[in-house]
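J.: Predicted model follows, preceded by the sequence.
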Amino acid sequence: MVYLGPKKPPLRKGSMADVPASVLDQIQKFEEMFTVPASKLQEVTEHFVGELNKGLSKKGGNIPMIPGWVLEYPTGSEKGDYLAIDLGGTNLRVVLVKLGGNRDFDTTQSKYKLPDHMRTGSADALFSFIADSLKTFVDEEFPQGVTQALPLGFTFSYPASQDRINEGFLQRWTKGFDIDGVEGKDVVPMLQAQLQKRNIPIDVVALINDTTGTLVASMYTDPETRMGCIFGTGVNGAYYDVCSGVEKLQGRLPADITPDTPMAINCEYGSFDNELITLPRTKYDILVDKQSPRPGQQSFEKMTSGYYLGELLRLALVDLSQQGVIFKDQDMTKLEKPYVMDTSYPARIEEDPFENLEDTYDIFKNELGVETTGSERKLIRRLCELIGIRASRMSVCGIAAVCKKRGYKTAHIAADGSVFNKYPGFKERAAGGLRDIFGWEAKKNIEDYPIIIVAAEDGSGAGAAIIAALTQKRLAAGKSVGVVN
Ligand SMILES: Nc1ncnc2c1ncn2[C@@H]1O[C@H](COP(=O)(O)OP(=O)(O)O)[C@@H](O)[C@H]1O
Ligand SMILES: O=P(O)(O)OC[C@H]1O[C@@H](O)[C@H](O)[C@@H](O)[C@@H]1O
């Protein structure tokens with residue numbers, strides 16, 4: 001008898017037999033609100049393709065489509081030691097990357113959770129936090145000090161305009177950030193000033209977006225990579241265009257950057273359809289937007305990313321409680337606190353294997369102070385599934401749009417981020433969304449589809465290092481890394 005390892009818990013059957021009509025009615029309403037059929041996904045994707053092109057034009061559109069100044073593909077032979085930092089929406093990571101020169105690399109890293117108050121504090125506090133974290137890491141990794149400045153790739157996971165690789169003017173904060181004095185400014189000198197203050201021997205060689213880093217790092221090990229995507233606190237994607245395809249750069253390129261030179265594009269497509277032409281928003285999406293620090297921005301991201309899915313769940317439950325449908329006579333103090341549920345809540349609720357949803361009972365009782373009945377838990381479970389399914393299916397419209405725009409019939413889409421890596425069923429649901437958009441014949445294994453979403457390499461670590469290496473090589477050869485002066 002072959003030992004197959006611990007048996008996975010049986011899939012929950014999820015009977016609705018004992019659920020009262022009032023709750024069943026509400027579940028039906030949620031089904032209608034949150035279900036996105038294939039026809040809608042196709043309509044959204046068609047609009048998305050047009051918006052990608054608009055973003056590259058001189059006139060511009062909702063999607064920034066930021067040239068990332070990565071002007072060649074990684075060869076896999078990049079070598080050397082590089083530092084990388086990744087300022088994400090939830091964590092700051094510091095990575096020491098040793099590029100082996102044979103499509104291999106080794107990383108050493110530390111992760112520092114961003115204190116919540118950091119999102120709305122001062123610019124000084126943020127860049128001091130980054131510099132302090134870097135100092136701690138460098139002192140530990142190089143106790144004897146260093147003979148020359150360490151090259152650093154700065155992964156900055158926010159929309160930052162770049163006229164050259166080692167600058168980044170923040171266009172707007174996203175993911176709940178609201179720090180004065182940074183929007184419209186170049187964040188590289190802000191970091192460098194804090195590094196100099198601490199005498200940390202670091203040279204910021206390149207500023208990159210985490211999706212560009214994900215694209216380059218994944219292409220370094222898997223040449224079939226066509227996009228780098230993040231499904232984390234926020235959502236975004238990057239791909240390689242060619243300079244002749246970027247209308248807004250025409251007339252601004254130096255002679256050594258020719259029309260057929262590759263150009264990595266950080267789409268910043270979390271802002272897709274801020275005009276609200278096609279996005280199927282519910283009243284809870286509208287509430288999330290209204291109560292955010294930047295209403296009217298990041299409309300696509302607010303329906304699909306890790307920062308918001310838990311909040312969407314919370315708003316819907318508070319609404320039902322206020323209507324008297326659920327949680328009668330319960331203390332709602334905790335549940336009425338905005339963002340009290342991050343996306344690990346719907347994720348854990350969807351992972352509850354029990355027919356009576358005992359794990360869900362514990363979460364609501366112990367973490368939110370609310371006693372739930374069996375039928376309330378069934379409503380909660382179905383609502384989490386609907387929010388999770390919608391996010392997974394909508395998320396792939398950006399992937400389908402880039403593939404349609406670039407004419408990719410097959411592609412590896414390198415994805416990273418906790419929603420991709422941890423949300424139950426995300427991968428299967430996302431593959432189902434792509435199948436619905438392209439009309440593919442159903443396959444037993446999602447890996448058999450023409451365009452597949454695969455686990456990315458460490459984009460904000462290795463990707464930043466490879467881009468720093470590519471940049472150093474260009475600079476050493478006297479090649480341009482930005483627009484003409
Ligand atoms: N188990 C989970 N399933 C899905 N999303 C999760 C889970 N745990 C945390 N998250 C969400 O993932 C986001 C953090 O994403 P992550 O990729 O880890 O960091 P960053 O966005 O800073 O790179 C948070 O918004 C959080 O709500
Ligand atoms: O890695 P994170 O923090 O989830 O970021 C994902 C995306 O989040 C978006 O809000 C940012 O504008 C993008 O630049 C970023 O790529």
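T.: Looks like it arrived, so ask away. Ligands and ions are numbered 1, 2, ... in the order given.
J.: Determine the longest helix present in this protein.
T.: helix 374-406 (DSSP state H).
J.: Tell me if it is near ligand 1.
T.: No: using CB under 6 Å from any ligand atom, we find that helix 374-406 stays clear of ligand 1, coming within 8.7 Å at best. No exception for glycine: its C-beta is placed from N, CA and C like everyone else's.
J.: Show me what counts as buried in that helix.
T.: By neighbour count with 16 or more other CB atoms under 10 Å, helix 374-406 contains the buried residues 375-406.
J.: One more: stretch 83-92?
T.: Neighbour-count burial for stretch 83-92, with 16+ other CB under 10 Å as criterion, is recorded at 83-90, 92.
J.: Pick the one among the residues you listed closest to ligand 1.
T.: Proximity to ligand 1 was ranked across these by CB to the nearest ligand atom; first place goes to Gly88, at 2.5 Å.
J.: Check the spacing between that closest one and Arg119 real quick.
T.: Here the distance between Gly88 and Arg119 works out to 12 Å (CB to CB, to the nearest Å).
J.: What count of nearby residues applies to Gly482?
T.: When counting by other CB atoms under 10 Å, one arrives at 18 neighbours for Gly482.
J.: let me fix that: Leu11
T.: As a burial measure, Leu11 scores 7 neighbours (other CB under 10 Å).
J.: Going by secondary structure, it is in what exactly?
T.: Under the criterion DSSP states H and E, no helix or strand holds Leu11.
J.: helix/strand/coil for Cys229?
T.: Three-state call for Cys229 (DSSP: H, G, I helix; E, B strand; the rest coil): strand.
J.: got the contact list for it?
T.: Contacts for Cys229 were tallied using CB atoms under 8 Å, 6 or more residues apart in numbering; they are 211, 214, 235-238, 398-399, 413-417, 420, 453, 456.
J.: For the stretch 1-150 of the chain, which segments count as helices?
T.: Along the stretch 1-150 of the chain, the segments classed as helices by DSSP state H, counting those that start in this stretch run 21-34, 38-56, 123-141.
J.: Include distance to ligand 2, mean pLDDT and mean neighbour count when you put these into TSV, please.
T.: Below are these laid out as TSV (distance: least, CB to the nearest ligand atom, whole Å; pLDDT from 0 to 100; neighbours: other CB atoms under 10 Å):
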stretch	distance to ligand 2	mean pLDDT	mean neighbour count
helix 21-34	22	96	15
helix 38-56	13	98	19
helix 123-141	14	94	18
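J.: can you tell which of these is closest to Glu355?
T.: Comparing the helices of the stretch 1-150 of the chain by their distance to Glu355 (CB to CB), the top pick is helix 21-34, with 16.5 Å.
J.: could you check the angle helix 374-406 makes with the closest one?
T.: Between helix 21-34 and helix 374-406, the angle formed by their directions is 10 degrees, by axes from the mean of the first three to the mean of the last three CA atoms, to 10 degrees.
J.: what's helix 21-34 packed up against?
T.: For helix 21-34, the contact count by 3 or more CB pairs under 8 Å, 6 or more residues apart in numbering; DSSP states H and E identifies helix 374-406 as packing neighbours.
J.: ok, Glu457 to Tyr112 distance?
T.: According to CB to CB, Glu457 stands 22 Å off from Tyr112.
J.: any chance of the helices of the stretch 1-150 of the chain in a markdown table, with distance to Asp256 too?
T.: Written out in a markdown table, the entries for these read as follows (distance: least, CB to CB, whole Å):
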| stretch | distance to Asp256 |
| --- | --- |
| helix 21-34 | 51 |
| helix 38-56 | 21 |
| helix 123-141 | 33 |
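J.: Make CSV from those helices and add distance to ligand 1 to it.
T.: Rendered in CSV, the data for those read as follows (distance: least, CB to the nearest ligand atom, whole Å):
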stretch, distance to ligand 1
helix 21-34, 17
helix 38-56, 21
helix 123-141, 13
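J.: how about whichever residue of the chain sits closest to ligand 2, what does it touch?
T.: Proximity to ligand 2, evaluated over the chain using CB to the nearest ligand atom, is greatest for Gly234 at 2.1 Å. Counting by CB under 8 Å, 6+ apart, Gly234 touches 89, 157, 174-175, 270, 298, 301, 305-307.
J.: what's the angle between the longest helix of the chain and helix 38-56?
T.: Taking the same axes, to 10 degrees, helix 374-406 and helix 38-56 form an angle of 50 degrees between their directions.
J.: quick one on the thing from earlier: so which of the contacts of Gly234 reach ligand 2?
T.: Restricting the contacts of Gly234 to those near ligand 2 - CB under 6 Å from any ligand atom - leaves 89, 157, 174-175, 270, 301.
J.: quick one: Val205 is in a strand?
T.: Yes: going by three-state DSSP, the assignment for Val205 places it inside a strand.
J.: Who are the contact partners of Ser305?
T.: Here Ser305 is in contact with 175, 231-235, 270, 391, 419 (CB under 8 Å, 6+ apart).
J.: so which one among those residues has the lowest pLDDT?
T.: Least confident by pLDDT among the contacts of Ser305: that is Lys175, with 92.
J.: and the gap between that residue and Leu114?
T.: Taken as CB to CB, the span from Lys175 to Leu114 is 10 Å.
J.: Thanks again, I'm all set now.
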